[in-house]
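Trainee: Got a sequence here, can you build the structure:
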Amino acid sequence: MKRTLTIPTASTTAQPTTESTSEVQEKIRRRAYELYEERGRDDGHDLEDWLQAESEVNRQKAKTAAA
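Mentor: As a prediction, this is how the structure comes out:
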């Protein structure tokens, strides 16, 4: 069975400085899928995975911007 990841949109997503919005969303999507795989492909956590991935990507962007 192929898993389909529903990508929620969040109004709190920071606007990218050097990356386009689609590039940032792609990084978030890839990280969310990694989290899903790390959990053993256990379904039902897509929103949790997305929000964690979004937080990680935005945190990394903030570190990069501050440097």
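Trainee: same for the longest helix along the chain, what does it pack against?
Mentor: The longest helix of the chain (DSSP state H) is helix 46-66. The contact analysis (3 or more Cβ pairs under 8 Å, 6 or more residues apart in numbering; DSSP states H and E) places helix 46-66 against helix 21-38. C-beta coordinates here come from the backbone N, C-alpha and C atoms, glycine included.
Trainee: Show me the residue sitting in the middle of the chain in space.
Mentor: Nearest to the mean C-alpha position of the chain, counting by Cα atoms, centre = their mean, stands residue 28 at 2.2 Å.
Trainee: Does it touch residue 51 like I think?
Mentor: No: in this structure residue 28 lies outside contact range of residue 51 using Cβ atoms under 8 Å: 9.4 Å.
Trainee: follow-up on the earlier one: could I get the longest helix of the chain in CSV with only the CA atoms?
Mentor: Extracted C-alpha coordinates of helix 46-66, given in CSV (Å, rounded to 0.1, in the frame of the first residue of the first chain):
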residue,chain,number,x,y,z
ASP,A,46,1.3,12.6,9.3
LEU,A,47,0.4,15.9,10.9
GLU,A,48,2.7,15.3,13.9
ASP,A,49,5.5,14.4,11.5
TRP,A,50,4.8,17.5,9.3
LEU,A,51,4.8,19.9,12.3
GLN,A,52,8.0,18.4,13.7
ALA,A,53,9.7,18.6,10.3
GLU,A,54,8.5,22.2,9.8
SER,A,55,9.9,23.1,13.2
GLU,A,56,13.3,21.5,12.4
VAL,A,57,13.6,23.2,9.0
ASN,A,58,12.5,26.6,10.3
ARG,A,59,15.0,26.3,13.2
GLN,A,60,17.8,25.4,10.8
LYS,A,61,16.8,28.4,8.6
ALA,A,62,16.9,30.7,11.6
LYS,A,63,20.4,29.5,12.6
THR,A,64,21.6,30.0,9.0
ALA,A,65,20.1,33.5,8.8
ALA,A,66,21.7,34.4,12.2
